[in-house]
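Peer 1: 3D model of this:
(chains A, B and C)
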Amino acid sequence: MDLVMAPPEMQVVYEHPRSLADVPTRYCPGCTHGIAHRLLAEAIDELGLQERAVLVAPVGCSVFAYEYFNVDACQAAHGRAPAMATGLKRMLPENIVITYQGDGDLVSIGAAEIMHVAARGERITTIFINNAIYGMTGGQMAPTTLPGQKTTSSPLGRDTRRTGAPIRMSEVLAQFDGAAYIVRRSLHDVANIRKAKKAILTALKVQMAGLGFSMVELLSSCPTNWGIAPEKALDWIEQNMIPQFPPGDYKVHDAVKTL
Amino acid sequence: MQKEFLFSGFGGQGVMFAGQLLAYAAMDEGLEVTWIPSYGPEMRGGTAHCFVVISNKPIGSPVTRHPQAVVVFNNPSFTKYEGEVAPGGLLAVNSSLINQESRRTDISVLPVPATQLADSLGDLRMANVVMLGAVLEVLPALPPAAIRRALEAHLPERRRHLLEANYKALEKGAEFARSMVKSA
Amino acid sequence: MTKELLKGNIAIAEAAVRAGLEAYFGYPITPQTELLEYLSQRMTELDRVFLQAESEVAAINMVYGAACTGARVMTSSSSPGVSLMQEGMSYIAGSELPCVIVDVMRGGPGLGNILPSQADYFQVTRSAGHGDFHPIVLAPASVQEAIDFVGLAFDLADKYRHMVLLAADGQIGQMMEPAELPPMRPLQKNVPDWALTGAKAREKRVITSLYLKGEEEEAFNLKIQKKLKQIKKNEQRSVEYATEDAELLVIGFGTAGRIAYSAVEAAREKGLRVGLLRPQTLWPFPERRISELADQASGCLVVEMNAGQMVEDVRLAIGGQIPVTFYGRTGGIVPMPDEILAAIEESYSRLQIAV
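Peer 2: As a prediction, this is how the structure comes out:
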């Protein structure tokens, strides 16, 4: 970044977030993990949390998240990031503990752990990437897979009579008294990305204020495993995921508006 | 010198406490002691037993198949443990609640109407301490005042008001045992 | 006299508090629940971290998280709960984090029962999670030893950045004995240079057990193996009774070892030249000392409260030099001294015939 000196009359409108490591990621072309990473890093920077943040990476495509962020980080067992984050936060109450989890990790194998951090009002923040499929293992059916959606483990399309219907985790977690801020946003276009950024900022502020558990669910694309071109994948979010997983504020603590 | 005791009865009869009291007294006398409870999934009403071993040297096994003293508080315990008393050992029976008689000729049997004696003192719950008083009279594993001292030293604050009643129960049991030995 | 009549579970809990325990995470399971109950009050009154987790799976991962901060952390459970913790234990080993795990073993397999057992020997020494590692495993035989081993466990965990298991059994957990607690140690002040604390005025730190490249994973494995070798060299512990002139060497750990002591005493009274070795560390196994004793003894009898697990380590240590026989009870049955004495007499008579 040092090589590019901005002339004095020009204003910097875009720079690399300090909290985002300057390394290539392993994400597929067109995957919205990159956008989510950037939004989270910007939010950490803007709130001055880089020196306080501790990130818990999950098992899934974002398993290497600890390499991509310039903050202290660790790597959890599949689904257990909320439990690990609990241990961290209880020992480091002044730090900002963030889990970054996908839908297989959070909704399937880690369903118990995420519900209990919400129930306990654990002062952690979860970034939940919902792309309706298992990415890292190569496109199997997730608990969030849409009815009729073809995956490598539902080759004829998800049959809800046999495999159940998608779980809407934001709606579920909003039921817990300990949840202070539970919202769903989408990453399929610029307007929604801006809203997502704002939600991540709020979620971190909720943790800073000690209001309880905060989570931002982000509807994301998986062009590779969906078998759709990146641009079309964004349309697919809008057309197919949004009706099933409506963006919205599912739980907002009264004190959030004062933040 | 090693002495082994088994206390057995219904949960709630104070079986565990009788054993613990003996264990505290032994510790305070500078002896080695182990106390092991039976522990089951049922919280109330099941049969419960505890094992106490007292010795003047380090204790190996805290359990033994044939204890020298078996103290039973109810019929199921009698049925289960009568045969386990070591030859030459003591079977102490709460005769208020147990209607069986031992046919063994190689052990001493001490029937104590402990529940009635406790009732005469005004507190049925003291049957366990009455039994302990009687047993130690016949099997003097510890100096007579040791249990008294242990009660004084270890009875928790919320039970403190029962101190006198416990002393009386101990003495009642001992007195009964003395009368039995005399008449035998 | 500072001895108190203490129940094993409570003694372990208080010993941990006094060893500087900063955080405890656990889940109720008989026969160790009193440990959790005691700490729920004790840790709270000391303003330290106590949390009842939603499962053993969560508990061990909370331990994993808290251990990342360099704190003294502990969980406790019993056999089926420890099975559930194995994944987390493997991650902890793969991240080289210190922590203490108490296993108050009960009868199995399956739900089994809540009676004392030693059937977790393989689980704790061998398969404490996937991958190539062994935790350090300490096996107390009395309430006092349980107390002493808790302090030792934390010190070893910190010294080697390694997981230490305290493998007691239901009997140790439930038994009351006079024992002496150590004085309260101050909480450690130094934060280790690998701990996650927030990257303030320093480079970020990462704790992970993921090494995608074979060469890197192998390098990490070699590092762990080097450490384990060091532990094996330094930390083998056992105690002996009457082994000087023993023809028959009896080996048992924990409660079985303690009961065997009574049987060996009785055998000595009968004039049999029998001695006892009681391993205090199950990993590293006290193979050096056992191998030495095999040079002088003519036979060995292993006694366990399982179907024969540690006996495999004894056979490895002895290497076929002398015959090894086994006596065990399963299902949560605690062997009585007379049974072990009978097994001793039988093994001994076979030796006499051989001689």
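Peer 1: is any part of stretch C:157-166 close to chain A?
Peer 2: No - Stretch C:157-166 lies apart from chain A when judged by Cβ under 8 Å from any Cβ of the partner chain; the minimum separation is 14.7 Å. C-beta coordinates here come from the backbone N, C-alpha and C atoms, glycine included.
Peer 1: Now do the same for that stretch: mean pLDDT, whole number.
Peer 2: Mean pLDDT, stretch C:157-166: 98.
Peer 1: Give the next helix or strand downstream of the longest helix along chain A.
Peer 2: As assigned by DSSP state H, the longest helix anywhere in chain A is helix A:190-208. Stepping forward along the backbone from helix A:190-208, the first helix or strand reached (DSSP states H and E) is strand A:213-219.
Peer 1: can you give me how far the helix or strand following that next one is from the chain middle?
Peer 2: Using DSSP H and E, the helix or strand that follows strand A:213-219 in sequence is helix A:223-226. For helix A:223-226, the gap between its own C-alpha mean and the chain's C-alpha mean amounts to 18 Å (Cα atoms, centre = their mean, to the nearest Å).
Peer 1: now do stretch A:189-202
Peer 2: 12 Å.
Peer 1: hey, C-alpha coordinates of that stretch in PDB?
Peer 2: This file holds the C-alpha atoms of stretch A:189-202, laid out as PDB (Å, rounded to 0.1, in the frame of the first residue of the first chain):
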ATOM      1  CA  ASP A 189     -26.200  -6.300  -3.800                       C
ATOM      2  CA  VAL A 190     -24.600  -3.100  -2.800                       C
ATOM      3  CA  ALA A 191     -27.600  -1.700  -0.800                       C
ATOM      4  CA  ASN A 192     -27.900  -4.900   1.200                       C
ATOM      5  CA  ILE A 193     -24.100  -5.100   1.700                       C
ATOM      6  CA  ARG A 194     -24.300  -1.600   3.300                       C
ATOM      7  CA  LYS A 195     -27.100  -2.700   5.600                       C
ATOM      8  CA  ALA A 196     -25.000  -5.800   6.500                       C
ATOM      9  CA  LYS A 197     -22.100  -3.500   7.400                       C
ATOM     10  CA  LYS A 198     -24.300  -1.400   9.600                       C
ATOM     11  CA  ALA A 199     -25.600  -4.500  11.300                       C
ATOM     12  CA  ILE A 200     -22.100  -5.900  12.100                       C
ATOM     13  CA  LEU A 201     -21.200  -2.500  13.600                       C
ATOM     14  CA  THR A 202     -24.300  -2.700  15.800                       C
END
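Peer 1: what mean pLDDT would you report for that stretch?
Peer 2: For stretch A:189-202, mean pLDDT is 98.
Peer 1: residues making contact with it?
Peer 2: Residues outside stretch A:189-202 that contact it (Cβ atoms under 8 Å, 6 or more residues apart in numbering or on different chains) are A:35-36, A:39-40, A:42-43, A:46-47, A:127, A:181, A:183, A:185-187, A:214, A:216, A:218, A:234, A:238, A:247, A:256, A:259.
Peer 1: so B:Y24 sits in a strand?
Peer 2: No - assigned with DSSP: H, G, I helix; E, B strand; the rest coil, B:Y24 falls outside any strand and is helix.
Peer 1: and the helix or strand containing A:R38, what does it pack onto?
Peer 2: Assessed by DSSP H and E, A:R38 sits inside helix A:33-46. Applying 3 or more Cβ pairs under 8 Å, 6 or more residues apart in numbering or on different chains; DSSP states H and E, one finds that helix A:33-46 contacts strand A:96-102, strand A:125-130, helix A:190-208.
Peer 1: That one: what's the following helix or strand?
Peer 2: Moving toward the C-terminus from helix A:33-46, the next helix or strand (DSSP H and E) is strand A:53-57.
Peer 1: Can you show me the CA trace of that next one as CSV?
Peer 2: The C-alpha trace of strand A:53-57 is given here as CSV (Å, rounded to 0.1, in the frame of the first residue of the first chain):
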residue,chain,number,x,y,z
ALA,A,53,-10.6,-8.6,19.3
VAL,A,54,-10.3,-12.4,19.5
LEU,A,55,-11.7,-14.3,16.6
VAL,A,56,-12.8,-17.9,16.7
ALA,A,57,-12.6,-19.6,13.3
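Peer 1: Within range of chain A, give me the residues from chain C.
Peer 2: Residues of chain C lying close to chain A (Cβ under 8 Å from any Cβ) are C:22-23, C:25, C:49, C:51, C:53-55, C:57-59, C:61-69, C:71, C:73, C:87-88, C:91, C:95, C:196-201, C:204-210.
Peer 1: Sort out for me which of the residues you listed are in helices.
Peer 2: Cross-referencing these against helices under DSSP H gives C:57-59, C:61-67, C:87-88, C:91.
Peer 1: farthest-separated two in these?
Peer 2: Using Cβ to Cβ, these reach their maximum pairwise distance at C:A66 and C:E87, which is 16.9 Å.
Peer 1: Which one's more surrounded, the two?
Peer 2: Neighbours of C:A66 and C:E87, each counted by other Cβ atoms under 10 Å in any protein chain shown, are more numerous for C:A66; the result is 30 against 19.
Peer 1: and the contacts of stretch A:189-202, which are buried?
Peer 2: For those, a burial check counting by 16 or more other Cβ atoms under 10 Å in any protein chain shown picks out A:35-36, A:39-40, A:42-43, A:47, A:127, A:181, A:183, A:185-187, A:214, A:216, A:218, A:234, A:247, A:256.
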